[in-house]
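S.K.: I'll drop the sequence and a predicted model, then ask my questions.
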Amino acid sequence: MQRVVDATSEFYVAVGKNIRAARLKSGLSQTMLAQRIGFTRASIANLEGGRQRIALHLFALIALALDVEPVELLPDTKILQISDKLGRDNLHRHLAGTSETTQDFVLRAVAQVAPAAPTRKDS
């Protein structure tokens, strides 16, 4: 279980770095990005530092506000081996109870950064 916790933490740190890089490339301050998505500047700082996890709908809003595709904010598989660390069954277990739309979005995004990523299990 510790491996999954470590992988999850690494994932959010890497996402935060990507958000920061995209924000800087867009010429936005943390305050400006926060205003665009209805957050505080402190929340943006925490997201960029990997200290705050991002709800899926906010992840999509951030990508929209930064004018990038959501997949561009996900970490490179060279940094994180998502499919190896989380495993197919574990990822499906984390997505259990979420809507089909959410599952499809997450699995498509993971598949773009992890070629051996799982596909949605039909119940």
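M.R.: Yes, it's here. Numbers count the residues shown, from 1 in each chain.

S.K.: rest of the way, CA atoms for contacts and neighbours
M.R.: OK.

S.K.: per-domain residue ranges of this protein.
M.R.: 2-73, 82-113 (automatic domain parsing).

S.K.: I'd like the distance from the nearest residue to residue 49 once chain neighbours are set aside to residue 99, if you could.
M.R.: In space, and not counting its chain neighbours, residue 49 is closest to residue 16: 5.6 Å by CA to CA, 6 or more residues apart in numbering. From residue 16 across to residue 99, the span is 25 Å (CA to CA, to the nearest Å).

S.K.: More neighbours: those two, which one.
M.R.: residue 16 (26 against 10; other CA atoms under 10 Å).

S.K.: Quick check, pLDDT for the more buried one.
M.R.: Per-residue confidence (pLDDT) for residue 16: 95.

S.K.: same thing with the one 4 residues further on?
M.R.: The pLDDT attached to residue 20 in the predicted structure is 97.

S.K.: from now on call the first residue 27
M.R.: With the count now opening at 27, the last piece we talked about shows up as residue 46.

S.K.: residues of the helix or strand containing it that come out buried?
M.R.: For residue 46, the host element (DSSP states H and E) is helix 28-52. Within helix 28-52, the residues that count as buried by 16 or more other CA atoms under 10 Å are 33-46, 48-49.

S.K.: which other residues reach the helix or strand just after that helix?
M.R.: Using DSSP H and E, the helix or strand that directly follows helix 28-52 along the chain is helix 56-63. Residues outside helix 56-63 that contact it (CA atoms under 8 Å, 6 or more residues apart in numbering): 49, 66-67, 69-71, 84, 87-88, 91-92.

S.K.: Now, of these, which are buried?
M.R.: 49, 67, 69-71, 87-88, 91-92.

S.K.: who touches residue 55 in this structure?
M.R.: By CA under 8 Å, 6+ apart, the neighbours of residue 55 are residue 49.

S.K.: Could I get the phi/psi values of it?
M.R.: Per-residue torsions, residue 55: phi -80, psi 170 (degrees, to the nearest 10).

S.K.: Which secondary structure element of the chain has the lowest mean pLDDT?
M.R.: When each helix and strand of the chain is scored by mean pLDDT, DSSP states H and E, helix 108-112 comes last, with a mean of 49.

S.K.: All set now, cheers.
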